[in-house]
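In: make a model of this:
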Amino acid sequence: MVSVLEVPAAPLLERLKQRLKEFPELTPPKWSYFAKTGVHRERRPEQPDWWYMRAASIMRRLYLDGPVGVSRLRTYYGGRKNFGQAPEHFRKGGGKIIRTILQQLEKAGLAEKVVEGKRRGRKLTKKGVDLLNELVGQVRKELAKKK
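Out: Numbers count the residues shown, from 1 in each chain. Down below sits the predicted model:
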């Protein structure tokens, strides 16, 4: 069985983004067209379908790190904030976007809340893992053809 780690992230996320557009539960809210993705950003995302790309990226993170919570994902999507002449410092990414996407993934049946010992958060369901494994196989075949 092929793992998500065995293929490059960019083509996998592009395919997953296209597949997530088919789910009616995963629709960007109206406010998402005007929101920045974190306090460290100066502008909102320029890609019109950035919501689906972030959802695909979050699904990949759930596959690799799950169970994972909003706080840990905020750290992953954070970055360095520019303070002008003062030194830059790390700031976490916006939590509302991550939380909303996780809730939408739950409604679509791709993620679920779990408690595993001390670890709490969300992880992918069987349906979500199968979807990622299917796309990993497609990407791997595509890369093998190019060689």
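In: low-confidence ranges in this protein?
Out: 1 (pLDDT under 70).
In: next one: the residue nearest to the spatial centre of it from N82, what distance?
Out: Geometric centre of the chain, nearest residue: I58, 1.9 Å, by CA atoms, centre = their mean. According to CB to CB, to the nearest Å, I58 stands 25 Å off from N82. Yep, even glycine has a C-beta here, placed from its N, CA and C like the rest.
In: equivalent analysis for T27, please.
Out: Counting by CB to CB, the gap from T27 to N82 is 32 Å.
In: the lengthiest helix in the chain - contacts with which helices or strands?
Out: In the chain, taking DSSP state H as the definition, the longest helix is helix 126-146. Other helices and strands packing on helix 126-146, by 3 or more CB pairs under 8 Å, 6 or more residues apart in numbering; DSSP states H and E, are helix 9-20, helix 50-65.
In: what is the orientation angle of the last one with helix 126-146?
Out: If I follow you right, that is helix 50-65. 100 degrees (axes from the mean of the first three to the mean of the last three CA atoms, to 10 degrees).
In: now do the first one
Out: Using the same axes, to 10 degrees, one finds that helix 9-20 and helix 126-146 are set 130 degrees apart in direction.
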